[in-house]
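> After the sequence you'll find the predicted model.
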Amino acid sequence: MSLSHRQQGLLLTGGGALIMSPDALLIKLVALPDAEILMWRGLLSALGFLLIVLVRHGRGTLAAYRRCGGTGIAVALLFSLTTCGFVLGNQYTKAGNVLLILAGAPLIAALLSRAILAERLPRRTWLAIALCMLGIGMIVLDDAGAGSWLGNAFALMAATTLALNFTLCRRRPGVDMSPMLVFNGLIVGGGAAMALLLGKEGIAMPPIDRWLLVVLLCLLIVPAGVTLLQRGPLYLPAAEVGLLLLLEVVVGTLWAWGLLGETPAPIALVGGGLVLGTLVTKGLYERRLEQRLRSVVASR
């Protein structure tokens with residue numbers, strides 16, 4: 001049986017979040033200066049995004065860009081700010097602070113969708129947002145703290161611009177904005193490269209072990225994961241895309257616990273279970289509602 005419109009959205013968004021789950025961990029492991037990681041992430045991801053667009057659209061690539069219009073330009077600019085906010089947030093404050101602030105993206109998206117699109121969300125979605133934010137808070141309880149106000153501000157910028165990006169995409173139903181991610185990479189990478197060239201240090205290749213991690217993250221993981229996430233608003237409200245994005249937070253934390261040998265606190269395990277349980281329960285409940293609706297339509 002073919003997947004419904006909503007099921008396709010859940011699959012794309014959830015898959016993108018899982019692919020992106022090692023993102024924060026790899027940024028920490030690479031441990032490059034701010035401008036260098038932004039340059040490589042921007043330029044390599046732009047190449048990866050372009051390859052995906054060419055494979056998907058072929059001779060229709062230019063037409064795919066024309067369909068994006070002015071909204072596509074806004075999406076590219078917003079995601080550039082999201083990229084800078086996420087990377088610099090992880091550089092300047094505790095990882096727990098970044099994750100906790102990013103957990104607010106679904107709430108921000110819900111408020112923006114209500115204000116800009118007049119989209120009304122069912123009560124179950126608001127409840128799921130509240131439970132997931134509680135769960136994320138429990139996960140990062142040990143790591144969150146005062147941190148750096150600058151890093152916290154960068155993380156808030158990432159959460160806000162991401163939510164606004166998904167909300168704007170909903171204004172152009174049926175138009176795939178993911179091709180515009182190429183320009184996001186060029187903006188971020190080009191700006192960082194210019195800063196390095198004008199600075200004293202210049203551009204240098206990282207050590208080979210770090211370079212391999214950079215290529216894995218920026219050329220493969222980011223283009224694949226973000227392309228799927230950017231297609232989410234074609235199928236789901238912006239708040240629900242942001243809600244599924246919390247899978248990245250939970251699974252990313254598991255990556256850190258496993259690869260860095262950290263021992264999670266019991267309350268963090270409870271928090272992760274709360275987030276995953278909420279998302280699974282909500283998904284199963286809405287699947288039942290969808291099946292009932294199909295049955296009613298079929299019986300008429």
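Right, received. Where do you want to start? Here the structure is a predicted model, which is why all the values come from computation and not from measurement.

> Distance check, residue 73 against residue 257.
Look at residue 73 and residue 257: by Cβ to Cβ, to the nearest Å, they are 40 Å apart. No exception for glycine: its C-beta is placed from N, CA and C like everyone else's.

> same thing with residue 6?
32 Å.

> Need the residue closest to the centroid of this structure.
residue 245 (5.9 Å; Cα atoms, centre = their mean).

> Would you agree it is in contact with residue 104?
No: Residue 245 is beyond contact range of residue 104, at 11.3 Å (criterion: Cβ atoms under 8 Å).

> List the residues that contact the nearest residue to residue 104 once chain neighbours are set aside.
Residue nearest to residue 104 in three dimensions, not counting chain neighbours: residue 159, with 5.4 Å by Cβ to Cβ, 6 or more residues apart in numbering. Contacts for residue 159 (Cβ atoms under 8 Å, 6 or more residues apart in numbering) come out as 85, 101-102, 104-105, 108.

> One more: residue 182?
Counted by Cβ under 8 Å, 6+ apart, residue 182 has contacts 46, 49-50, 53.

> Closest to residue 61 out of these?
Nearest to residue 61 among these: residue 53, at 5.8 Å, using Cβ to Cβ.

> name the element that closest one belongs to?
helix 34-57 (DSSP states H and E).

> Need the mean per-residue confidence for the helix ranked longest in the chain.
Longest helix in the chain, counting residues (DSSP state H): helix 266-299. For helix 266-299, mean pLDDT is 80.

> Buried residues in it, which are they?
268, 271-272, 274-276, 278-279, 282-283, 286 (16 or more other Cβ atoms under 10 Å).

> Let me have those in TSV, extended by distance to residue 164.
As requested, the buried residues of helix 266-299 are exported to TSV (distance: Cβ to Cβ, whole Å):
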residue	distance to residue 164
268	30
271	27
272	28
274	27
275	23
276	27
278	24
279	23
282	24
283	25
286	25
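
> The helix or strand bottoming out on mean pLDDT in the chain vs helix 266-299, what angle?
Lowest on mean pLDDT, DSSP states H and E among the helices and strands of the chain sits helix 95-102, with a mean of 73. Here the directions of helix 95-102 and helix 266-299 differ by 30 degrees (axes from the mean of the first three to the mean of the last three Cα atoms, to 10 degrees).

> Return helix 95-102 as PDB; C-alpha atoms alone will do.
Output in PDB follows, covering the C-alpha atoms of helix 95-102 (Å, rounded to 0.1, in the frame of the first residue of the first chain):
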ATOM      1  CA  ALA A  95      26.300  21.300  24.300                       C
ATOM      2  CA  GLY A  96      23.500  20.900  26.800                       C
ATOM      3  CA  ASN A  97      22.500  24.500  26.400                       C
ATOM      4  CA  VAL A  98      22.500  24.300  22.700                       C
ATOM      5  CA  LEU A  99      20.300  21.200  22.700                       C
ATOM      6  CA  LEU A 100      17.900  22.700  25.300                       C
ATOM      7  CA  ILE A 101      17.500  25.900  23.300                       C
ATOM      8  CA  LEU A 102      17.000  24.000  20.000                       C
END
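
> That concludes my questions; thank you for your assistance.
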